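1. coords please:
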Amino acid sequence: MRATAQWLHKMAADSEPESDVFEITDFTTASEWERFISKVEEVLNDWKLIGVSSGKPLEKGVYTTGIWEEKSDEISFADFRFSITHHYLVQEASDKDGKEELVEDALPLSMQDLLCMNNDFPPRAHCLVRWYGLREFVVIAPAANNDAVLSESKCNLLLSSVSIALGNTGCQVPLFVQIHHKWRRMYVGECQGPGVRTDFEMVHLRKVPNQYTHLSGLLDIFKSKIGCPLTPLPPVSIAIRLTYVLQDWQQYFWPQQPPDIDALIGGEVGGLEFGKLPFGACEDPISELHLAATWPHLTEGIIVDNDVYSDLDPIQAPQWSVRVRKADNPQCLLGDFLTEFFKLCRRKESTDEILGRSTFEEDGKEVADITHALSKLTEPAPVPIHKLSVTNMVHSAKKKIRKHRGVDDSPLNNEVLNTIMLFLFPDAADKLTDGSEARPSTSRNNPPPESEEYNLYSQFKSAPSDSLTYKLALCLCMINFYHGGVKGVAHLWQEFVVEMRRRWEKNYLIPELANGSPDLRCCLLHQKLQMLNCCIERKKARDEGKKPYTSDRSPSGSSGDTGKAVDRSGGDYQKETEKERGEVGKSWESWSDSEEEFFECLSDTEELKGNGQENGKKGGTKEGNKESANLKPEGRLHPHGKLTLLHPGELLYIPVTQEPAPMTEDLLEEQSEVLAKLGTSAEGAHLRARMQSACLLSDMESFKAANPGCCLEDFVRWYSPRDYIEEEVVDEEGNRVLKGELSARMKIPSNMWVEAWETAKPVPARRQRRLFDDTREAEKVLHYLAVQKPADLARHLLPCVIHAAVLKVKEEETLEDIASVKKIIKQIISHSSKVLRFPNPEDKKLEEIIAQIMSAEAIIARARSLKAKFGIEKCDQEEEKEDLERFVNCLLEQPEVSVIGAGRGPAGSIIHKLFLNAQRVS
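-> Numbers count the residues shown, from 1 in each chain. Okay, here's the model as predicted:
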């Protein structure tokens, strides 16, 4: 029993491994190698590369001018990934019906391309196209850049796979495998046809053997590889190209002169004048010139070329072609300026941190007691107008800075700073000796240019090229590059802010800014400066006793307004208006003199009350329109055509109104957010309407003051004519008359217009509460400017710098007339218009714009380099000069350019001299 059990146990143990082996060994399963071959066949089938390939012989030069395309897929051998790529020349579709039988036994198309001599030396193509002249081929290469097929066994395995796949599919397109590291560009491959096969092999040698450095040695190896059994061998057709490289340009000075920094202070700055960006490369952007001397069709035996003697004289070559090798990333001035300025956008420091804390503080005694500061703000003070000078501009801020650092530590010295401030504020030098102020240059009658270049600012959201903001951007760009970097930028900005406050306090208008409300097409900083100018203009007009807020249709003073009305109203009314004119002048002067620095305009309620009481006494118990009709008309501009008031029947006068408050885009956005937060409830909508009706209420009060006894219908007829509907009706006597009434929306009970009309009192614009508080808005702008960091400033002004750079490139391009640069400029403008119109554009997109500008600058620099080398400017004959210019432009646009006349033409003779001079120097 025990023996039997042990035997059974042993049999069971022996049977277990046998069952395991039976389960694992399955000879019907495909191996990884077979799967790989199947995947290659599947891809070739998907790309329709199976079967006989046909096509016509290619024309000369089509490899260069034609369009090359490629499509890729990914396959794997076990866990090793390969990419398979089909490279092909796009050809016109041709009708193949009826031709396949004729060409079925012909050589594959790729083998015909090997024998064709029309496209032996394509200047820009895949290396396999240049080596073998193929129009179509497939490459299998490791998918990852760091992977490589290094062992010989793996290379053979891949070649076997390729051979089997080509045989199974009948594909006649050559299939290559890339072996060794990718940088070596080493390929092996195969092409199969009906009864014929071509193997593509390659050998890398560290040093070329001597017997292969001339034609006779190359012919020997070619004949031995052919293995042709015919004797004697038929003559071999040959195409020869010898390439000569010129690298030494030392005998030619680079035409771009280095910038003279020291001359900047003296005013003779050449290419570095403030307000002008520099341009050009600091080094030669052309590193090499390659001359290819070509003999396209030769037969063995016609020429001799061995280690002793050669007939291949490049001067006698029938074809010359030239290509230039460009320097990698040549240093260009404009590109460096833009790049360094863009780096400011990434800085984090504030102006105080860069220049030292509390640089804007006044003397200690002035800031010691806050009550003194407050009392100083509220005390009325005369505003003397002193003579402007650059020294005065700089002096106050310099004192504050010197308290916190030594004089010699200031990033900008006085000479540079004075030069910049005089450039930014030319009105400082134009002041008259009596202290009167010259008008800003923008107030001249000359209209602004309407050219496309001038209007670029609206596309870039920058600033007009003749504005202060634009000039400030260029100065900061110059300072950042040549005078202290971010410290110089912070210093100049600090001086600029001090000057802005001084101009506000002294009522000096900021020069070179367009009049009127902020232009929302410009950058926010430009809008802020325009807003400050609006504040200065209002404050200056108020301090001088003029109307600061009459609309564009009103004259400069109330007396002129009244006078226009007098001519139409008769002599009696003239006496009244003269009396009124005196009262108005007196009231206005007394009001102006008593105003505080920070205030809201008085509405003269006492005067109105008194006026109303007087009229009440005269009119007895009259109410409503009758009572207001007895008021004296005030603030009239001129009659509104022949329109008359509906009830009194007097002429309807257009009133002098307040201008709407100017707004910058950030204030508009802030206002929109406040209105949106009110919600959609009835109460919120009512409150929103009241907030938006401040200007309407002001205009109603002005209208009532100018037209005593008027009604809402009169106001609507002037303010919103579409809301007053007139119809022809027949009266009781049968006559056709015009009868008018308010529109439906005006008749809605308790609507905004009715409420505002009932609330409005007859108050002329000059005595109304100001819609625009210039003091408060000016302080907000000055605070906004003072807290700007250099990075914020760079962000604001970068569109202006890009704008200036584009104009500079366009200016330089017009001198050279390069088609590719014109195309790049259009791309820059299109790209910038999309990127810069929105706030806070992405850094990556800004870098792309700067890279495009640098590319255009480099092309222009290369054109100038080539023109200098070929001596185009020294050429006397106009026709020859034009030919050379055309040749240089082709060198910039095309990968390789044929030299007309080879070594005997004008360009060829110049190239020959270049090589001879370089040979002498060496």
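2. Any stretches of the stretch 251-400 of the chain with poor pLDDT?
-> Counting by pLDDT under 70, the stretch 251-400 of the chain contains low-confidence ranges at 251-273, 357-400.
3. Contact partners for Phe915?
-> Listed by Cβ atoms under 8 Å, 6 or more residues apart in numbering, the contact partners of Phe915 are Tyr244, Leu246, Leu291. Quick note: C-beta positions are derived from backbone N, CA and C, even for glycine.
4. Can you tell me the element it falls in?
-> If you go by DSSP states H and E, Phe915 is part of helix 906-921.
5. Which positions in that helix come out as buried?
-> The neighbour-count check on helix 906-921 (16 or more other Cβ atoms under 10 Å) flags Pro906, Ala907, Gly908, Ile910, Ile911, His912, Leu914, Phe915, Asn917, Ala918 as buried.
6. pLDDT score for the second one?
-> Among the per-residue scores, Ala907 shows a pLDDT of 86.
7. Hmm, Phe887 and it touching each other?
-> Yes - using Cβ atoms under 8 Å, Ala907 makes contact with Phe887 at a distance of 5.0 Å.
8. got any residues that touch both of the two?
-> Residues touching both Ala907 and Phe887 by Cβ under 8 Å, 6+ apart: Phe870, Val899, Ile900.
9. between those residues, which is nearest Ile179?
-> Ile179 has its nearest neighbour among those in Val899, at 38.6 Å by Cβ to Cβ.
10. pretty sure that closest one contacts Pro318?
-> No - with contact defined as Cβ under 8 Å, Val899 does not reach Pro318; the gap is 11.1 Å.
11. So which of those two has more stuff around it?
-> Ranked by neighbour count (other Cβ atoms under 10 Å), Val899 and Pro318 place Val899 first, with 23 against 11.
12. what's near enough to touch that one?
-> Trp320, Ser321, Val322, Phe887, Gly905, Ala907, Gly908, Ile911.
13. ok, now Thr351?
-> Contact analysis of Thr351 by Cβ under 8 Å, 6+ apart lists Thr359, Ala490, Trp493, Gln494, Gln788, Lys789, Pro790.
14. Go through the residues you listed and flag which are in helices.
-> Secondary structure defined by DSSP state H assigns Ala490, Trp493, Gln494, Pro790 of the contacts of Thr351 to helices.
15. what's around the nearest residue to the second one once chain neighbours are set aside, how many residues?
-> Leaving aside its sequence neighbours, Trp493 sits nearest to Leu793 (Cβ to Cβ, 6 or more residues apart in numbering; 5.8 Å). By the criterion of other Cβ under 10 Å, Leu793 has 24 neighbours.
16. separation between Leu468 and Gly275?
-> Using Cβ to Cβ, to the nearest Å, Leu468 is found at 11 Å from Gly275.
17. who has more neighbours, these two?
-> Leu468 (24 against 17).
18. show me the contacts for that one.
-> Leu424, Ile510, Pro511, Glu512, Leu513, Leu529.
19. Quickly note the distance from Lys810 to His483.
-> Distance from Lys810 to His483, counting by Cβ to Cβ: 27 Å.
20. Closest to Met117 out of the contacts of Thr351?
-> Pro790 (64.0 Å).
21. hang on, the closest one packs against Trp493?
-> Yes - using Cβ under 8 Å, Pro790 is in contact with Trp493, at 6.9 Å.
22. Give me the mean pLDDT for stretch 828-844.
-> Summarised as a single mean, pLDDT over stretch 828-844 is 89.
23. Buried residues of it, list them for me.
-> For stretch 828-844, burial by neighbour count (16+ other Cβ under 10 Å) applies to Ile828, Ile829, Ser832, Val835, Leu836, Pro841.
24. Give the closest residue to the first one in space, chain neighbours not counted.
-> Using Cβ to Cβ, 6+ apart and skipping residues adjacent in sequence, the residue nearest Ile828 is Gln852, 4.8 Å away.
25. host element of the one you found?
-> Per DSSP H and E: helix 843-869 holds Gln852.
26. just to revisit the earlier point, out of Pro790 and Trp493, which sits in the busier spot?
-> Taking neighbours as other Cβ under 10 Å, Pro790 and Trp493 compare with Pro790 leading, 26 against 23.
27. Distance of the residue nearest to Asp666 when sequence neighbours are not counted relative to Glu669?
-> Excluding the flanking residues, the one nearest Asp666 by Cβ to Cβ, 6+ apart is Leu524, at 6.3 Å. To Glu669, Leu524 is 10 Å away according to Cβ to Cβ.
28. Thought His796 was touching the residue nearest to Asp666, still the case?
-> Yes - using Cβ under 8 Å, Leu524 is in contact with His796, at 6.2 Å.
29. For the helix or strand containing Val835, list the C-alpha coordinates in PDB.
-> Val835 belongs to helix 819-836 when assigned by DSSP H and E. Output of helix 819-836 as PDB, limited to C-alpha atoms (Å, rounded to 0.1, in the frame of the first residue of the first chain):
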ATOM      1  CA  ALA A 819       9.300  91.800 -49.400                       C
ATOM      2  CA  SER A 820       9.800  89.400 -46.500                       C
ATOM      3  CA  VAL A 821      10.100  92.300 -44.000                       C
ATOM      4  CA  LYS A 822       6.900  93.900 -45.400                       C
ATOM      5  CA  LYS A 823       5.100  90.600 -44.700                       C
ATOM      6  CA  ILE A 824       6.500  90.300 -41.200                       C
ATOM      7  CA  ILE A 825       5.400  93.900 -40.400                       C
ATOM      8  CA  LYS A 826       1.800  93.000 -41.500                       C
ATOM      9  CA  GLN A 827       2.000  90.000 -39.200                       C
ATOM     10  CA  ILE A 828       3.300  92.100 -36.300                       C
ATOM     11  CA  ILE A 829       0.500  94.600 -36.700                       C
ATOM     12  CA  SER A 830      -2.100  92.000 -36.900                       C
ATOM     13  CA  HIS A 831      -0.800  90.000 -33.900                       C
ATOM     14  CA  SER A 832      -0.200  93.100 -31.800                       C
ATOM     15  CA  SER A 833      -3.700  94.400 -32.500                       C
ATOM     16  CA  LYS A 834      -5.200  91.200 -31.100                       C
ATOM     17  CA  VAL A 835      -2.900  90.900 -28.100                       C
ATOM     18  CA  LEU A 836      -2.500  94.600 -26.900                       C
END
